[in-house]
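In: sequence first, predicted model second:
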Amino acid sequence: MKRDIIVNKFVIKFANVNGTGSASANKLFSRSVFRMGVPISPKNIFPSNIQGLPTWYEVRINDTGFLGRRGGIDVMVGMNPQSMARDIQEVEKGGYFVYDSTKPIDPSLLRDDIDFIGVPLTEKCREMYEDPRQLQLFRNVMYVGVLTALFDMELEVVKQLISEQFKGREKIVAPNFLAVETGYEMAKKLHACPIAYRVERRDNVGEKILIDGNEACGLGAVYGGATVSAWYPITPSTSVIDNFARYCRKYRIDAETGQKNYAIVQAEDELAAIGMVIGASWNGARAFTATSGPGLSLMNEFLGLAYFAEIPAVLVDVQRAGPSTGMPTRTQQSDVLSAAYASHGDTKHICLYPSTPKECFEYTALAFNLAERFQTPVIVMSDLDLGMNDNMSEPFTWDDAKLYDRGKVFKEEDLENMEERFGRYLDVDGDGIPYRTYPGTHPTKGAFFTRGTSKDEYAIYTENGEKYIENMKRLEKKWKTASHHVPKPVIRKTDKPCTVGVVHFGTSEASTLEALHHLNGMHGISLDSMGIQSFPFADEVGQFIEDHEYVFVVEQNRDAQMRSLLINEYEFDPECLVPILHYDGSPITARFIRHEIRDWILQTTTSPRRRSRFY
Amino acid sequence: MSYKIPAFRHPNLPRNELGHTTKDYEGAVSTLCAGCGHDSISAAIIEACFQKNVPPHRVAKLSGIGCSSKTPTYFLGHSHGFNSVHGRMPSVATGANMANRELLYIGVSGDGDTASIGMGQFVHAVRRNVNMVYICENNGVYGLTKGQDSATTDLGSISKKGEPNALEPIDLCSIALQLGATFVANSFSGDKTQLVPIIKAAMAHRGFAFINVISPCVTFNNTPGSTKAYDYIRQHMASTNTVDYVPPADEITAEFPEGTDELVTMHDGSVINLHKLEKKHDIHSRSSAISLIQEYRAEDKVVTGILFIDEETQDIHETMNTTDRPLRDLGTKELCPGGAELDAINDLHR
């Protein structure tokens, strides 16, 4: 097959059996590309299972820096006989299928529009290893060697990463070197290397780091000053707490006493987890939990209490595909509405929508300031794609001069000097935010009774309708105040006057921006875009939508939840908000967004005059 | 509505070591039914805190939902209170305790709140040995929703509704014992002489102190056929011990015939003097306590008193090895690793 040589622009996918140790080999491959200065975006596509089911790892290699999923596979590494038929089908025309040729491929699966590269990995491993577990592990490392030769990558970089990975365990380094070199040599011997897809050293990574969003959130909680964490294990949020714990062990153990400056409680369920967070926050600690959709559902009653009784709470919701148990290991942005309006009665919660690990880090740290400033729950809306995949990100930064904003809290001396009666829910400053006190502050002043029932400004139970409305209106005022303090949307305007825009949030950002780039380059369509960062919506959000005749709302759920939230909050004409919806559980691709927008424009703008808006 | 108690008090009310009178430990006027057992328990809490010289503002009182959970409004008006959601007081108390290990946590719950909707949280608070006093005001009936049987209603017990209860009851003391509770007591709201020292002992206990207090509901479950009625409990109550609480500084002078008394030294140095009425029961034996409950029950008796103590136990902070300082008092300096460390973390991800 005659092909063009394509350097640093392709998608490779690994098909493995889960529980075979393939993840670390695949990561070794992607990190090697990254270390060669070439941007990557790896995606894990894994089952809700521990051992024996198909699992995939897709890496997009792209030196122009598009980091969303592109769509389509150029090179498939097919190591799983179970999924081989569909894996072969998935390869784009002109691509390659790399496989273990110890057993020949069923001839009925062969295609003549792609190339098959067989390497007898198992056969070779049988010669080299007796222990079956070792055979399995080193076979994985061996195919990394094969790819290194096929793509003409730098073998030294791969070996360097192996040395770093096993630092202090030198015994393991040599056999890994041997495995990767064996694969490298076998590929060179059996095939014409390199193939048409190649990886060449670049300097396009710069200062960027490779990190998953859950680690970033866990680290953000450490930097944000969380001292109490209560949680219940749930995919895909568990590693938020794992990482919080890991960084706490590193930074939060008193050198002298060995005591911990943090407490992590594994709760009996999500109800208890959020209850503990609320109890700790009520008592003056910065506390958080991490969960996913089912956990968020369970936390609803408590979230309403925290909203109404005005208690800070921070949640990281790493969204997965719902409803119900849904697809626990697949991604979606489908908790938008259930988070924004969680709990019965009139409730609204501050939500933050990070799109990158850097935003995961910053928004998690920021969430504690917002929660304490506004005395209300703050939900960081990550998702599985962002949370569990390595994402290239700008490096994290921290301003050491900034202290935590602990919000409006009366201390002992404030109470001592106070002549008037303390009113827990009094709007002293006219911004809707009352002052609170921590338990145990002053012998005679500042105590109050926290309750989920209606109350007056002095926290005294009341069923008086006027008092109730007064309080609800103050909460609304506080909400409005919050809209001026949450992160503003990121607006990217095209250089031409433009009446059509695109709205995205969270992990739809990278693919949307790439789609817009190509819409412009390939079809001459140019659109403004806005990345929503938070709820309540800042004024700029409504302004952007008003400034455009049509706005596409890109999201990863079936029901266009962000679009509904916008319509509900602003009463926009639904006609003007066009949903672009991707919800099969895989991360949204640039190709999908580009096609959807292009097709909508072609189908709905028949008259040349209307079409002119888009071009 | 909560009404304020009139400020007037007799000028010669006795004062405790802090100079407080019992008035300083009172709350708003109760809105419960006249004669409700819960009000007697509130009074016992007030008395116990007064006698034990507890600074009122160093107490956090927490509850769930129900008649019993309303009561924290009616005692300790200078303490912060938290009336949370139904059955979830244990988690809120656990979180609060994590934030500040120095306060005294008093949780008040009822049988619906503890034995039904909140059973899961109760069980796990016991397991974790959260340092708190947990009082279950147990009346065997749902009062606020007007008289349904609860999970602690005895088999065959007849409430105001007139139907004998067809299900086996949950015995909270037995469950607490099986779960490893480190302080378990059973008492009766009508027996203040027993209840007040038990509450004081529970407050002195480091770890989870559970007190089940049978507290008759005068409106819905004080009927002749009810096993949680005043008359029934008075006739069937049998104390395994009576309790004297001796504060840390006081010397124990009284002498008792050998074998009838047992002194237990608590974590704070105070001593509990148990006058044993039931000689064969070993207060440090979990299995002895469990059998005692069962034996008495077989004879249609309700055993009261302190049933079990493990005064050597560790509370959750010791188990977790958290800092001696309240976590909530730590500031940016202690908590934030800073920008330079962040640069190093970035480097590890390149």
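Out: Sure thing, it's come through.
In: just the strands in the stretch 251-350 of chain B please.
Out: For the stretch 251-350 of chain B, applying DSSP state E, counting those that start in this stretch gives strands covering B:261-265, B:271-276, B:302-309.
In: can you confirm A:Ser511 is in a helix?
Out: Yes - assessed by DSSP: H, G, I helix; E, B strand; the rest coil, A:Ser511 belongs to a helix.
In: does it touch A:Pro587 like I think?
Out: Yes - between A:Ser511 and A:Pro587 there is a contact under CB atoms under 8 Å: 7.4 Å. C-betas here are computed from N, CA, C, even on glycine.
In: burial of A:Lys189, as a residue count?
Out: As a burial measure, A:Lys189 scores 10 neighbours (other CB atoms under 10 Å in any protein chain shown).
In: helix or strand: which one has it?
Out: Here A:Lys189 sits within helix A:170-190, counting by DSSP states H and E.
In: centroid-wise, who is the farthest residue in chain A?
Out: The centre of chain A is farthest from one residue, A:Glu419, which by CA atoms, centre = their mean lies 49.1 Å away.
In: show me the contacts for A:Ser526.
Out: A:494-496, A:498, A:516, A:519-520, A:615 (CB atoms under 8 Å, 6 or more residues apart in numbering or on different chains).
In: could you rerun that using 10 Å?
Out: Residues counted as contacts of A:Ser526 (CB atoms under 10 Å, 6 or more residues apart in numbering or on different chains) are A:493-498, A:500, A:516-517, A:519-520, A:614-615.
In: also B:Thr304?
Out: Listed by CB under 10 Å, 6+ apart, the contact set of B:Thr304 reads B:173, B:185-188, B:191, B:194-195, B:198, B:212-214, B:233, B:237-242, B:296.
In: among the residues you listed, name the ones in helices.
Out: Of those, the ones assigned to helices by DSSP state H are B:173, B:194-195, B:198, B:233, B:296.
In: between those residues, which is closest to chain A?
Out: Proximity of these to chain A (CB to the nearest CB) peaks at B:Cys173, which lies at 20.9 Å.
In: what does the model give the closest one for pLDDT?
Out: We have a pLDDT of 98 for B:Cys173.
In: could you tell me how many residues sit around it?
Out: Neighbourhood size, B:Cys173 [other CB under 10 Å]: 24.
In: show the contacting residues for it.
Out: Neighbouring residues of B:Cys173 by CB under 10 Å, 6+ apart: B:136, B:138, B:181, B:184-186, B:210-212, B:289-290, B:292-293, B:303-304, B:307-308.
In: and the gap between the residue nearest to A:Trp398 when sequence neighbours are not counted and A:Ser393?
Out: Of all residues beyond its chain neighbours, the one nearest A:Trp398 is B:Gly339 (4.3 Å), with distances taken as CB to CB, 6 or more residues apart in numbering or on different chains. Using CB to CB, to the nearest Å, one obtains 17 Å as the distance from B:Gly339 to A:Ser393.
In: more neighbours: the two, which one.
Out: Summary of the neighbour comparison: B:Gly339 and A:Ser393, criterion other CB under 10 Å, with A:Ser393 having more neighbours (23 against 14).
In: what residues are up against the more buried one?
Out: Per CB under 10 Å, 6+ apart, neighbours of A:Ser393: A:67, A:208-213, A:216, A:355-361, B:346, B:349.
In: give me phi/psi at it?
Out: For A:Ser393, the backbone dihedrals are phi -150, psi 150 (criterion: degrees, to the nearest 10).
In: mind checking how far it is from A:Val222?
Out: Relative to A:Val222, A:Ser393 is positioned 17 Å away (CB to CB).
In: check B:Glu341 too.
Out: Taken as CB to CB, the span from B:Glu341 to A:Val222 is 10 Å.
In: anything in contact with each of these two?
Out: Counting by CB under 10 Å, 6+ apart, the residues touching both B:Glu341 and A:Val222 are A:247, A:250-251.
In: what about the helix or strand where B:Ala96 lies, near chain A?
Out: Taking DSSP H and E as the criterion, B:Ala96 maps to helix B:89-99. Yes - legend: contact between helix B:89-99 and chain A by CB under 10 Å from any CB of the partner chain is shown at B:89-99.
In: can I get these in a markdown table with pLDDT and neighbour count?
Out: As requested, these are exported to a markdown table (pLDDT from 0 to 100; neighbours: other CB atoms under 10 Å in any protein chain shown):
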| residue | pLDDT | neighbour count |
| --- | --- | --- |
| B:Met89 | 98 | 31 |
| B:Pro90 | 98 | 33 |
| B:Ser91 | 98 | 32 |
| B:Val92 | 98 | 34 |
| B:Ala93 | 98 | 32 |
| B:Thr94 | 98 | 31 |
| B:Gly95 | 98 | 30 |
| B:Ala96 | 98 | 31 |
| B:Asn97 | 98 | 28 |
| B:Met98 | 98 | 31 |
| B:Ala99 | 98 | 27 |
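In: any idea which of the residues you listed is closest to A:Met153?
Out: When the residues of helix B:89-99 next to chain A are compared for distance to A:Met153 (CB to CB), B:Met98 wins out at 49.4 Å.
In: and the stretch 301-450 of chain A, which residues reach chain B?
Out: Proximity of the stretch 301-450 of chain A to chain B, by CB under 10 Å from any CB, involves residues A:301-302, A:304-305, A:309, A:311, A:313, A:357, A:361, A:365, A:390, A:392-404, A:406, A:437-450.
In: kindly give a single PyMOL line that selects the buried subset of the residues you listed.
Out: To isolate the buried members of these in PyMOL, using 16 or more other CB atoms under 10 Å in any protein chain shown:
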select buried, chain A and resi 301+302+304+305+309+311+313+357+361+365+390+392+393+395+396+398+404+406+437+438+439+440+441+442+443+445+446+447+448+449+450
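In: three-state assignment of the closest residue to chain A within the stretch 101-250 of chain B?
Out: Chain A sits closest to B:His124 of the stretch 101-250 of chain B, with a gap of 4.3 Å, by CB to the nearest CB. Here B:His124 is helix, with the state taken from three-state DSSP.
In: pretty sure it contacts A:Ala272?
Out: Yes - B:His124 is within contact range of A:Ala272, at 6.6 Å (criterion: CB atoms under 10 Å).
In: higher neighbour count, these two?
Out: The neighbour comparison of B:His124 against A:Ala272 (other CB under 10 Å) goes to A:Ala272, with 31 against 20.
In: dihedrals phi and psi, the more buried one?
Out: phi -70, psi -40.
In: what residues are up against it?
Out: Contacts of A:Ala272 by CB under 10 Å, 6+ apart are A:230-232, A:265-266, A:279, A:289, A:298-299, A:302, B:88, B:90-92, B:94-95, B:118, B:120-121, B:124-125.
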